[in-house]
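Trainee: Sequence below, structure please.
(chains A, B and C)
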Amino acid sequence: MAEPLIFERSVSGRRGYRLPSSGVPAMSQAEAIPDDQLRAEPPRLPEVAEIDAIRHYTRLSQLNFSVDTHFYPLGSCTMKYNPKLNDRIAALPNFASLHPLQPTSQVQGILQLLYELEQLLSAITGMAAFTLQPAAGAQGELTGLKIIAAYHRRKRSIRSTMLIPDSAHGTNPASAAISGFTVEKLRSGPDGLVDLNELKSKLTPDVAALMLTNPNTLGLFERDIKAIAALLHERDALLYMDGANMNALLGIARPGEMGVDILQLNLHKTFSTPHGGGGPGAGPVGVGKKLEAFLPVPRIRKMGKRFAWDERGRSTIGRVHGFYGNVGVLIRAYAYIRTLGCEGLMRASEAAIINANYLKAKLEPTFPVPFDDHCLHEFVVTVKALKAHGVTAMDVAKRLLDYGFYAPTVYFPLIVEEALMIEPTETESKETLDRFAEALLSIAQEATTNPELVRGAPHRMAVSRLDEVRAAREPNLRWVPEQRQSVVSATTHGGPPPPNLADSP
Amino acid sequence: MDYIPNTDVQLQEMLHAIGADSFEELVSPVPSEFHVRSLDVPAGLAEAEVVELCEGLAARNGSLRKMTSFLGAGAYDHVIPTAVDALASRGEWLTPYTPYQAEASQGTLQTIYEFQTMVCELFQMDVANASLYDGASAVAEAALLALRVTERPRVLVSEALHPHARQTLATYLSGAKTILQEIPTVNGVTDLEALGKAVRDDVACVIMQQPNVFGCLEPMAQAGELAHRFGSLFVASAYPISVGLLRPPGAYGADIAVAEGRCLGSPITYGGPGLGLFAATSALVRRLPGRLAGCTVDRTGRRGYTLTLQTREQHIRREKATSNICTNEGWLALRAAIFLSLLGPQGMKELATLNLEKAHDAHKRLCEIPWIKPAFDQPFFNEFTLQYDPPADVDRVNRRLAKAGIVGGWPLADWYPTVPQASLWCVTELIGRDGIDRLLHALNGSA
Amino acid sequence: MDVPSDLLYTKTHEWLRREASGEVVVGITAHAQEELRDVVFVELPTVGKAIKQGDPAAVVESVKAAFDIYAPVSGTVPRVNEAVAKSPQLVNQDCYGQGWLFAIAPSSSEEFSRLLSPEEYARQIQASTH
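Mentor: Numbering: from 1, shown residues only, chains lettered A, B, ... in the order given. Below you'll find the model as predicted:
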């Protein structure tokens, strides 16, 4: 059953919230604000009662798959369970109601928490120092790249090339380009890893750094990482590690000991803060000793038993965010790390790796795994064999929804044809993995016996496959009152099938 | 506690099914020289222990709920209806990710579509995205957009734009072949004469804030005209609560409106997470940074929502993307949508009026104190700059106020050393009249 | 595969037609259009812009992909196809006709020798699809 827009529930004059009375002498707005600075027409926001809003946003929530309701094996996103405890801690009034400019004497508790979180992240990764300021992984990348640029600038070395393997996340080249670098793609070797000869051939004096995701997006550890770092360092280029996949390495190995100069973490992935339907995240950046001076300001300093912000920094790249970053997310990650502790973190990666390899073993006979080796926390299968039946990776993904599973990441990494990238995480049980494997195997069966069923999926969702061509050709990005009529008529008459779907057999 | 459901017995069974003798075999691709035995992380704790630990840390903070705070300066404390927390804490909102599979994410997608509409309405703009990180990075993204669209090298930014936004902008633009030029202020507002001289045909955009960092209302319409005279884009950083009463960016010619939207229903949490609002004219729709939800139909003609215009984005366009942003602030956007639904047009106007009245009442009463005077003679909304006559000293006064449970105005000495003994005071609807009484009482004793 | 014999081609799947006026008209080939599937947006160069052979001059987008269109020869852009900007599906419907993208007033005639003949282009796409 479709849920109307909140605007369509609006009734003129209806109210959903009452504000306190002013308690001060009434004044005329004209006294305070010149006429030409006053708003002429009120914004056309919905007018609903509290019960309307509650029902609307509760019903909408029920149209979502989420970690709390479904297995969510989205590769490279580490959709593990988000403990409720962490939300409770972040909501403590003495954290949630803190103003960022309160005198430091009034915020010693939060400063201590943030300071300790920096130390914990250093202990986990082996990086010398961290900034907690970046708001998400991609902003962490940007921060790291600005640090790389600042490092070379200080050495009066003009370098504009950023090496990025072809298996990288799209954010890597985008962050590099926004930071003023020219992207040079490194072709993966036959084993899916960085090819040292390819690297040597591209390692010109203009190379500022290499951005490496480790384990890479195939779930494979870059076993030559030390040699890669040495090659770069010989030419005073730097090694940046995208730590989006750090859930594979907790207590197993530390990037700081592999020659990594800069590392960004995604706390919403590895450290279990809720993804929120697309954020907020947090993307702390750790650096080796020689780069510490470039970290964004302000930095937390401990002086004796007291903590304070330090806005100075002669070599700093500056700020990337207002105030101190996504503190609410940082609090949750801190609570998570303290709950798991050393042995819990180690067990998390261990169980994540066993889960991934177990699922891979179950699927491999039906769905080939390119670049086969023991994977770490995730793996990629190809469903190109189903193409013979006209079934694509996207069709398989959509059919999985009917089975009650969110879909893996599809068509990524780009170097694998018809890819499904699967990351089960450590918080799923063997029973769930078994059911998921059965579903995929059953879909493979359906693809041969009844391909139409798979190509037409999903069948059990609130909507069937959406017309993305229409959405992109005639963008409708906001509701306008006049629209009501045309949508109603489109719904009642059904309308002809959208052009992009008419050609599916 | 580790939240792992599989028992040791099950993990052994799974290893057996994999055909591995031990877990060590699975991690053999990681060269043994890197293997660590332990981490310098304290042992794990039970839930009750974590609560005790964190409540202990929290107890070392002084919450705004227990004090009377006059801090604003880019982070504003406003009401949060109980219904916002109740709805937003549902797992179906907290624990999905970016709605890549539209059919299983209609809740998130429809909410983003509603949120985009509300942001457009609030700012009177044509199109808004699904959010950016915060107000400061939204300013930087606006400048990047303007540089791309106009292919011009210069960005003009008012000195009265929040320093964090200016610093973030400088970081984002560093290294590029762009020139970042600050426009000075006169009597608390951007100097239009200086702006007029600076706008040339090499200017990509002019960036100003309304109300500005001093709380003063800027002559936005005139500034916008100056920007447009040479075809530069006009970027307005607005305060979402203020537009319930004040002219919105679309009404004074802004091409891009950005804002810090946390004040719309999200806790202040020591300044983050923020919620970057980003809206623009329809001419810029295909150049926007970040995600966009669009309305379309499914195979049976039913209305539905999907992410759209994705070729702008990093996962498709890679190094040619309009921005590198991926994860945004979805959960805060949801909160803002619920907040705006509950308040509605009338509520937003009343909320703005409350802020205006309380701030003006406080301002009037404060300026009756002989050693306190307004720093500037300009209209303001809910924030204003005061100046003290010697020997009164901002820091000393604030220390005295702190003893009375009051957080005084933000000292401007670090941000604007040229305005001596100045502090920035904000009065929102959360300050009762007794709060002002106590403030006056404490101030009268501290000159 | 439709490769009209009266056009010249590039390795990057642009076609061009030399008009009697001396201008050349540029579009994308049937092969490229099929690979792209439903075209949803076309970004054209501004009229009057000077472009160099091999530089990106326009963008053709589908839902999940964006393809740069490279200038097959250097010159200035005297006109663009406004109709295709309004109805991008013209690229799918009639890529050699109403779906043309932009014209170039070439600055020299030497560059034409670097373009592919219909036979050469047909061989190239045959090689890439097998």
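Trainee: use CA for all of it now, contacts and neighbours both
Mentor: Will do.
Trainee: Can you tell me the centre-most residue of chain C?
Mentor: Nearest to the mean C-alpha position of chain C, by Cα atoms, centre = their mean, lies C:G27 at 2.7 Å.
Trainee: and that residue, what is it in contact with?
Mentor: Counting by Cα atoms under 8 Å, 6 or more residues apart in numbering or on different chains, C:G27 makes contact with C:14-16, C:95-96, C:99-102.
Trainee: Adding neighbour count, secondary structure and pLDDT as columns, could you present these in a markdown table?
Mentor: Listed next are the contacts of C:G27 as a markdown table, based on neighbours: other Cα atoms under 10 Å in any protein chain shown; DSSP: H, G, I helix; E, B strand; the rest coil; pLDDT from 0 to 100:
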| residue | neighbour count | secondary structure | pLDDT |
| --- | --- | --- | --- |
| C:E14 | 21 | strand | 96 |
| C:W15 | 28 | strand | 97 |
| C:L16 | 26 | strand | 96 |
| C:C95 | 20 | coil | 96 |
| C:Y96 | 24 | coil | 97 |
| C:G99 | 22 | coil | 97 |
| C:W100 | 23 | coil | 97 |
| C:L101 | 31 | coil | 97 |
| C:F102 | 24 | strand | 97 |
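Trainee: of those residues, list those near chain A.
Mentor: Applying Cα under 8 Å from any Cα of the partner chain to the contacts of C:G27, one finds that nothing falls near chain A.
Trainee: What is the nearest of these to chain B?
Mentor: C:L101 (18.6 Å; Cα to the nearest Cα).
Trainee: circling back: would you put the C-alpha positions of the strand or helix carrying the residue nearest to the centre of chain C in CSV?
Mentor: Following DSSP states H and E, one finds C:G27 within strand C:24-28. Output of strand C:24-28 as CSV, limited to C-alpha atoms (Å, rounded to 0.1, in the frame of the first residue of the first chain):
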residue,chain,number,x,y,z
VAL,C,24,31.4,19.2,-40.2
VAL,C,25,28.5,17.8,-38.3
VAL,C,26,29.3,15.4,-35.4
GLY,C,27,27.3,12.7,-33.7
ILE,C,28,27.8,9.3,-32.1
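Trainee: any idea how far that strand is from the chain center?
Mentor: 4 Å (Cα atoms, centre = their mean, to the nearest Å).
Trainee: And stretch B:98-105, by the same measure?
Mentor: 26 Å.
Trainee: Show me what residue of the stretch 251-400 of chain A gets nearest to chain B.
Mentor: A:G341 (3.5 Å).
Trainee: which residue packs closest to B:G250, ignoring adjacent ones?
Mentor: By the measure of Cα to Cα, 6 or more residues apart in numbering or on different chains, the closest residue to B:G250 outside its immediate chain neighbours is B:Q124, 4.7 Å from it.
Trainee: Listing request: residues of the chain with sub-threshold pLDDT.
Mentor: This is for chain A. A:1, A:483-505 (pLDDT under 70).
Trainee: Wait, chain B was what I had in mind.
Mentor: B:446-447.
Trainee: Residues of it that sit close to chain C?
Mentor: So far as Cα under 8 Å from any Cα goes, chain B lies against chain C at B:308-311, B:316-317.
Trainee: Which one of those residues sits in the busiest neighbourhood?
Mentor: B:L309 (29 neighbours; other Cα atoms under 10 Å in any protein chain shown).
Trainee: what's near enough to touch the residue nearest to that one when sequence neighbours are not counted?
Mentor: Using Cα to Cα, 6+ apart and skipping the chain neighbours, the partner closest in space to B:L309 is A:A472 (5.4 Å). Counting by Cα under 8 Å, 6+ apart, A:A472 touches B:308-309, C:40-41, C:63.
Trainee: Go again with 10 Å.
Mentor: Taking Cα atoms under 10 Å, 6 or more residues apart in numbering or on different chains, we find A:A472 in contact with B:294-296, B:306-311, C:39-41, C:61-64.
Trainee: Give the burial count for B:A20, as a bare number.
Mentor: Counted with other Cα under 10 Å, residues neighbouring B:A20 total 17.
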